[in-house]
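Participant: Predicted structure and sequence below. I'll ask about it afterward.
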Amino acid sequence: MSNVYCIVGLGNPGSKYHDTRHNAGFVVIDKLAEFFKISEFEFEDNYLYAVTDYKDKQIALMKPLTFMNLSGKAVKAFYDKYEITAENFLIVYDDVNLDFGALRLRANGSDGGQNGIKSVIYEMETENIPRLRVGIRSAEDFEKLQSEEGFSLADYVLSGFSEKENELIDKVADSAKDAVLSFIYEGLEDTMNRFNRNVIDDLV
């Protein structure tokens, strides 16, 4: 089923988390839905999904409703039901170890401390899952915040973007959308060479 792809965006459901850093994966899925002119998602047990035909591919977009730490349960349920090959899954998620605007596509790897992909790796029983990481760390403020007493990384990833970042997040999501399309149509290696960079650098 090489013509069928599933793009999963990780995040937390509900309006409380809608505009937080941890929901960058959902933001990219919404950008893809906008591109494909998908107006609504279907509900299935523990995830939302939509399927579209584009050129010669069938592409499914999916958002787990399990909350970040249990994302793998929804991914595994979708994987088992639709039998899409693992290499045609692409998991999109935020990474606090990357500066805001950085994109990093990889074919496999460890969870890097991100609990969503950790859950996916656990449930799928493999690290060989393509993933696109979207940087959410505020280059200007993060080190200062980290040095302050009572700093919580969990609170940070669940915080909103700064005013300046909010002005740029749509462009970051648009570049991530282009990277996803390139992954599907051009392959992983070419996409890594083109998109593994900080897309904010293109805007200054």
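Facilitator: Perfect, thanks for sending it. In this text, all values refer to a predicted model and were calculated from it rather than measured experimentally.
Participant: Identify each buried residue in the lowest-mean-pLDDT helix or strand in the chain, please.
Facilitator: Ranked by mean pLDDT, DSSP states H and E, the weakest helix or strand in the chain is helix 142-147, scoring a mean of 75. Going by neighbour count (16 or more other CB atoms under 10 Å), the buried part of helix 142-147 is Phe142. C-beta: built from backbone N, CA, C; applies to glycine.
Participant: now for the next helix or strand after that helix, which elements pack on it?
Facilitator: Counting by DSSP states H and E, the next helix or strand C-terminal to helix 142-147 is helix 153-157. If contacts are counted by 3 or more CB pairs under 8 Å, 6 or more residues apart in numbering; DSSP states H and E, helix 153-157 sits against strand 89-99.
Participant: For the strand it packs on, list the C-alpha coordinates in CSV.
Facilitator: Extracted in CSV, the C-alpha atoms of strand 89-99 (Å, rounded to 0.1, in the frame of the first residue of the first chain):
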residue,chain,number,x,y,z
PHE,A,89,3.6,7.0,8.8
LEU,A,90,5.0,10.4,9.6
ILE,A,91,4.7,11.7,13.2
VAL,A,92,4.8,15.5,13.6
TYR,A,93,5.5,16.9,17.0
ASP,A,94,7.1,19.7,19.0
ASP,A,95,10.6,19.5,20.3
VAL,A,96,11.8,21.8,23.1
ASN,A,97,15.4,20.9,22.3
LEU,A,98,15.2,22.8,19.0
ASP,A,99,14.9,26.5,18.6
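Participant: What is it packed up against?
Facilitator: Counting by 3+ CB pairs under 8 Å, 6+ apart, strand 89-99 packs on strand 4-9, helix 24-35, helix 71-82, helix 115-124, strand 131-137, helix 153-157, helix 163-186.
Participant: let's see it at 6 Å
Facilitator: Helices and strands touching strand 89-99, by 3 or more CB pairs under 6 Å, 6 or more residues apart in numbering; DSSP states H and E, are strand 4-9, helix 24-35, helix 115-124, strand 131-137.
Participant: quick check: angle from that strand to strand 4-9?
Facilitator: Between strand 89-99 and strand 4-9, the angle formed by their directions is 30 degrees, by axes from the mean of the first three to the mean of the last three CA atoms, to 10 degrees.
Participant: and strand 89-99, which strands flank it?
Facilitator: strand 4-9 (parallel), strand 131-137 (parallel) (DSSP bridges).
Participant: Highest mean neighbour count out of the helices and strands packed on strand 89-99?
Facilitator: Of all the helices and strands packed on strand 89-99, strand 131-137 has the most neighbours on average by mean count of other CB atoms under 10 Å, namely a mean of 25.
Participant: got the angle between that one and helix 115-124?
Facilitator: Using the same axes, to 10 degrees: strand 131-137 against helix 115-124 is 160 degrees.
Participant: Which residues outside strand 131-137 are in contact with it?
Facilitator: 21, 24, 91-92, 94-96, 98-102, 104-106, 176 (CB atoms under 6 Å, 6 or more residues apart in numbering).
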